[in-house]
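# The following comprises the amino acid sequence and a computationally predicted model.
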Amino acid sequence: MIDHIRSSLRACFKGNRRLSTTTIDSLVKAVVSVALGLRVAHLIDVAHVTSDQINELIILLRQDPQCQQLLVLQFKDRYTFLCHRHELERHVEATLNQPNQWVYVDIRGKQGPPIQRPCPEIFLFWLQNRLQPYLLSCQQQQEEEKEKNPLYYSSVVPSYMVVLTGFLLEYPIMYMTHNETDQVDQELDEWEMIPNCLGDRSLLLVRVWLHQPKAFWHDYMLLSYSCPSEKLIDFPEQDPTIKKKNSVTMITPTKEVVIRNFETKFQTRFHQLEQTKKNGFFIKDTQLEISHEYVTLDRVAL
């Protein structure tokens, strides 16, 4: 599978001289992690990818039996996510059933502070009326053994793209920069500078690592996310401390609870993969690590 993924990526990006061997190797690991189901999705952000290129790539990738679960979500040619269909289905279903198991933080404006908001209705509408029907059609095509459509294409980049990105990349805390009055198909103005209040603010940076010395993964960062350290949001089942400010419920858990919940999900997924005969080989002698540190940056770009 690894060699097949590498050759597929090289064929897709053969004309791009900016992609170094190191970058391609990192992208190979990202695709492998999604194909194995270690991640729901990976954002391809190392190169500009046209719809023709991603079509070619997903067709090549899916020729390998272990890559049959891969599909692509593309928003114009600006945001391209390579996804694991089954894990994405579970992620969507879990979110629609209990949308407030995740935390949504409004970071608009330079001054702040970050404010917790309810799950955006526009985001739920998109999941239920755009993404879920597409996934159901993929499942039906598989059951009927028809030709599959492994590419979901959106002709607009929605204004709530920051939330969608956080969701697809499985961030437990998602940032919000859109307006509550935005429409579901309202396009993000990429030329508009939207200030956020994350600059000069202490952030907790959480990273998930795979360590496999002198082997495929070596020291590979599977994913990372950040959240404001002064207002970490706990999951509902943890019985957090609840404070009220301007009629907005603000939940303040401990850092340890957030890390433990996040770590549990990936540890469980990792151990399940270890126990499978088919894919356990790929993470043999591999250690999963969750690291966290506090950082402060002058500006934070999203």
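It's in.

# tell me which residues of the helix or strand containing residue 104 are tucked away?
Secondary structure assignment for residue 104, by DSSP states H and E: strand 103-106. Applying a neighbour-count criterion of 16 or more other C-beta atoms under 10 Å, the buried positions in strand 103-106 are 103, 104, 105, 106. The C-beta positions use only the backbone N, C-alpha and C, and glycine is treated the same way.

# And that strand, how far out from the chain middle?
16 Å (C-alpha atoms, centre = their mean, to the nearest Å).

# Residue 162 touches residue 178, doesn't it?
Yes - using C-beta atoms under 8 Å, residue 162 is in contact with residue 178, at 7.2 Å.

# still on that earlier bit, can you list contacts of the strand holding residue 104?
With contacts defined as C-beta atoms under 8 Å, 6 or more residues apart in numbering, strand 103-106 is touched by 114-120, 163, 172-176, 227-228, 231, 233, 251.

# Weed out the non-buried ones from those residues.
Of the contacts of strand 103-106, these count as buried by 16+ other C-beta under 10 Å: 114-116, 119-120, 163, 172-176, 227-228, 231, 233, 251.

# Among these, find me the one that's closest to residue 74.
residue 163 (17.4 Å; C-beta to C-beta).

# give me the element that closest one is part of.
Residue 163 belongs to helix 161-168 when assigned by DSSP H and E.

# Which strands or helices does the one helix or strand residue 57 maps to pack on?
For residue 57, the host element (DSSP H and E) is helix 51-61. Counting contacts by 3 or more C-beta pairs under 8 Å, 6 or more residues apart in numbering; DSSP states H and E, helix 51-61 packs against helix 2-12, strand 70-75, strand 151-154.

# Packing partners of the helix or strand following the longest one?
Using DSSP H and E, the helix or strand that follows helix 2-12 towards the C-terminus is helix 21-35. Secondary structure elements in contact with helix 21-35, counted by 3+ C-beta pairs under 8 Å, 6+ apart, are helix 2-12, strand 41-43, strand 70-75, strand 79-84, strand 218-228.

# repeat that for 10 Å
helix 2-12, strand 41-43, helix 51-61, strand 70-75, strand 79-84, strand 203-212, strand 218-228 (3 or more C-beta pairs under 10 Å, 6 or more residues apart in numbering; DSSP states H and E).

# wait, which of the ones you listed is closest to residue 297?
Of these, nearest to residue 297 by C-beta to C-beta is strand 203-212, at 7.3 Å.

# so what's the nearest residue in space to residue 131 that is not next to it in sequence up against?
Counting by C-beta to C-beta, 6 or more residues apart in numbering, residue 131 lies nearest to residue 92, which is 6.1 Å off, once chain neighbours are set aside. Listed by C-beta atoms under 10 Å, 6 or more residues apart in numbering, the contact set of residue 92 reads 40, 127, 128, 131, 132, 135, 167, 168.

# doesn't residue 93 make contact with the fifth one?
Pointing back at residue 132 there. Yes - counting by C-beta atoms under 10 Å, residue 93 is a contact partner of residue 132 at 8.1 Å.

# middle-most residue in this protein, spatially?
The chain has residue 169 as the residue nearest its centroid, 0.8 Å off, counting by C-alpha atoms, centre = their mean.
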